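In: fold the stuff below for me.
(chains A and B)
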Amino acid sequence: MMIRTITAGMLAAAIGLGAAAAHAGKDDDTLTIAWGSTGPIENVDNYFNTNRTGIWFSRMVWDQLVYRDEKTFEFKGLLAESWEYLNDTTLRFKLRQGVTFHNGEPFDADDVVFTLNWISDPDNGVKVQRNVNWIKNAEKVDQYTVDLHMKKPFPQAFEFLSGPLTIYPNEYYAKVGPDGMGKKPVGTGPYSVVSVKQAEEYVFKRNDDYNWGSPKGAGKIENIVVREIADVQTQIAELLAGGIDFTADISADHVEQIATVPGFEALQAETMRTGYIGFDAAGRSGFKPTTDVRVRRAMAHAINRESLVKNLIRGDSKVIHTPCFPTQFGCDVNAAVKYAFDPSKAKALLAEAGYADGFEIDLYSFRPADWNEAVMGDLAKVGIKVNFTKMPYFALRDLQWEGKTPMYFMDWGSYSMNDMSAITSHFFKHGPDDYALDPDLKQWLETGDTNVDPAVRKENYAKAIQKITEKVYWLPMFSHVRNYAYVASLDFTPYPDEIPRFFRYGWK
Amino acid sequence: MLTYTLKRLFVALLILIVVSALTFSMSHLASDPAMAIAGETASAEDIQEIRRIYGFDQPIWYQYMAWAGKALTGDFGTSYHYREQVSVMLAQRFPTTLTLGICALAFALLLSIPMGVLAAIRPNSLIDRTALFIAVLGQALPTFWFALMLMILFGVQLRWLPISGNATWAHFVMPAIALGYYSTPALMRLTRAGMIEVLNSDYIRTARAKGLRPPTVMFKHALRNAILPVVSLTAVQFGFALGGSIVIETIFNLKGVGWLSYDAILRADLPVVQAIVLVIACFYVVLTLAADLLNAALDPRIRVR
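Out: Model prediction:
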């Protein structure tokens, strides 16, 4: 942390010295991007990595059957022109004609059937099984018609069909497999891949045959080069020196500094990633005070979320009252019980619960210490002494799953799915993350996750939101922001699902 | 000499076994590789399945023996994360680290030997103090800080050198300076001390009395003798440069073994971590062994001790 602070300060000094902008991006129609602060993509084959940047990569190269509008979240046809439900577990897709893969292979039902059957076969080892394990199989009806059979009614299917499920060329993939696709990816998308230098650099070229009416639109910039750079300070130095044109890995402090440099723009855009504080209501950790709902409500009243958002998170971040992101399907903001910042009410609730003199509690988080220190400060004012432990994400999740965390400050990005099953159901259906273990929640969420009637889903999800917030199993905190910095000549727009659409960006 | 060599070889082997066993057990204790392999969105069932497939449910001593058995044949297994042969990954990344190590050491020697000689000519003079200050600064400055200063000055402000990557020789200049500067004080002090000792010896006095020109005395007679211990230290510093390149490679985005180890540690990619630690340990052990044997060959008293 200290090292980061020092280096951030040094770069700030460099920015202050006035690094003149000098970028060749616009002149040679090449957008150079740096990403990789969370590590390089291990295999750019879309089904064999778990990186967020893997998603960014995939949206350039491949297409899905369905497109989710990035602003309205409405589903539109992409490789499928239209679809209909034949019954609760069968979807029929009419496919688009005249589409070809980057290697010249024509797109038709064989590619869709092959891809869906291949990825849903557990023996093929697709890395995130949750993305594919709801598929029973796919059947070809004719050259441009496919039936998709699901194992059970799965109302979130379109979130997956418009997200992680990209369509591969059957002949090529059967021949080269994940390793070959990782080295030379082939898709139908707006950019084709010129070269992949694993963990170092990916070079893309605009697909000039992408003119069949895709809602994604044809790519605007001719060449895109992505460099995997792990160190954020190095990314900033490269940006200022003209080595790259875009980064999305920087901190809030960097945004403020870079925004002042002529020739550059920087912004903080709201994302679906939702921060929350979880409490051990079920007593899994053996810690007694948090099992009392009055104590949890007291803590909800004691924490000043508005101040945290305004002073530390900044940008477009907002306080969130629901255990889901408000745009997500089923995430009814009106169903949530809201807790105003009210330390005196918090003290009264603590006294009522028998903790007038407060208590000590262990707080765990992998997020910045200053966020947690703000929470500690607020709780100290009502007599609760917090011992904070910062841990790496995976180590903390290990500890959580072992039931050893009475209080934790975490967040969840819903893997960009605009459906609350991607967050609320993930945490409150008695899985290892669940510190509420509430049978009502399990039942309501299960109904919401599997019923195909949107009204039934919404009703059950609303009940779950009401109970989670009333019982304060979680204290929803705020929406996270993603920080972007880029050359001023780039016509950039951020999206709440944290996926930059590089094919949509051009030069001003 | 043979007994001594065998003894040293046995100790070297023992060190390697201890290092590998410690690395193996500590990395397994520090993190759960199954969770790291599965990724953020995995379910508990996914993770349990990964544990079974990779054999993480076996006792740790069993896992170690299985790994060590294969490592002996040069098979370090497959990276959990990249699904590639670790030996292939190391072979791909090693040239970058080796280039960096050699350049760093060349820079350190080019800076420290002339400074050491100059300082020895006039001990405790202003030149001596300045040389000492420059050298000590190398050890006192945090490497990452010095690296960023170089980057800001030569990359961002002056635009003389490329900031990151390893495409050309120019990409190695800043990383080599940042890494090599740290080795400078030890090399410089040893050169200085050696030179002062040699310059006061009888044969130098004789050489001077014979009327030889000062540069001849200095470089042909004095430096040649004074530099012997510096050569031994250089070997050790080279091992250090290879092991110490993690920070520099990460900052300058050089995708060598140092960067690979950083990435592997973050992801709990244990086969890669273990292989790198073992290879770096081998380098140290071999270099130290070579220095020991060289010293023993030169100085028979060491063999008897």
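
In: surely residue A:137 is in a strand?
Out: Yes: assessed by DSSP: H, G, I helix; E, B strand; the rest coil, residue A:137 belongs to a strand.

In: helix/strand/coil for the residue in chain A positioned nearest to chain B?
Out: Nearest residue of chain A to chain B: residue A:50, at 3.1 Å (Cβ to the nearest Cβ). C-beta: built from backbone N, CA, C; applies to glycine. Three-state call for residue A:50 (three-state DSSP): coil.

In: residue A:148 now?
Out: strand.

In: that one - how many residues pack around it?
Out: Applying other Cβ atoms under 10 Å in any protein chain shown, we find 25 other residues in the vicinity of residue A:148.

In: state the helix or strand in which the residue nearest to it when sequence neighbours are not counted lies.
Out: In space, and not counting its chain neighbours, residue A:148 is closest to residue A:91: 4.6 Å by Cβ to Cβ, 6 or more residues apart in numbering or on different chains. Using DSSP states H and E, the element containing residue A:91 is strand A:90-95.

In: where's the residue nearest to residue A:148 relative to residue B:127, distance?
Out: Between residue A:91 and residue B:127 the computed distance is 82 Å (Cβ to Cβ, to the nearest Å).

In: in the stretch 351-500 of chain A, which spans are helices?
Out: Here the stretch 351-500 of chain A has its helices, by DSSP state H, counting those that start in this stretch, at A:369-381, A:393-401, A:424-427, A:439-450, A:454-470.

In: for the last one, what is the average pLDDT?
Out: Yep, that's helix A:454-470 we're talking about. For helix A:454-470, the mean pLDDT works out to 97.

In: what score does residue A:314 have for pLDDT?
Out: 88.

In: what's near enough to touch it?
Out: A:252, A:268, A:481 (Cβ atoms under 8 Å, 6 or more residues apart in numbering or on different chains).

In: what residues does the stretch 151-300 of chain B put near chain A?
Out: B:151-152, B:155-157, B:159, B:162-165, B:250-253, B:255, B:259, B:262-263, B:266-268 (Cβ under 8 Å from any Cβ of the partner chain).

In: out of those, which end up buried?
Out: B:151-152, B:155-157, B:162-165, B:250-253, B:255, B:259, B:262-263, B:266-268 (16 or more other Cβ atoms under 10 Å in any protein chain shown).

In: so after the top helix by length along chain B, what's the next helix or strand?
Out: Scanning chain B for the helix with the most residues, using DSSP state H, yields helix B:86-121. Of the helices and strands lying after helix B:86-121 in sequence (DSSP H and E), the nearest is helix B:126-140.

In: next one: whichever helix or strand comes after that following helix to chain centre, how far?
Out: Remark: after helix B:126-140, the chain's next helix or strand is helix B:143-150, criterion DSSP H and E. Here helix B:143-150 is found 18 Å from its chain centre; the criterion is Cα atoms, centre = their mean, to the nearest Å.

In: is helix B:143-150 positioned near chain A?
Out: Yes: contact of helix B:143-150 with chain A (Cβ under 8 Å from any Cβ) involves B:144, B:145, B:148, B:149.

In: between those, which is nearest residue A:388?
Out: Residue A:388 lies nearest to residue B:144 out of the residues of helix B:143-150 next to chain A, by Cβ to Cβ, at 25.6 Å.
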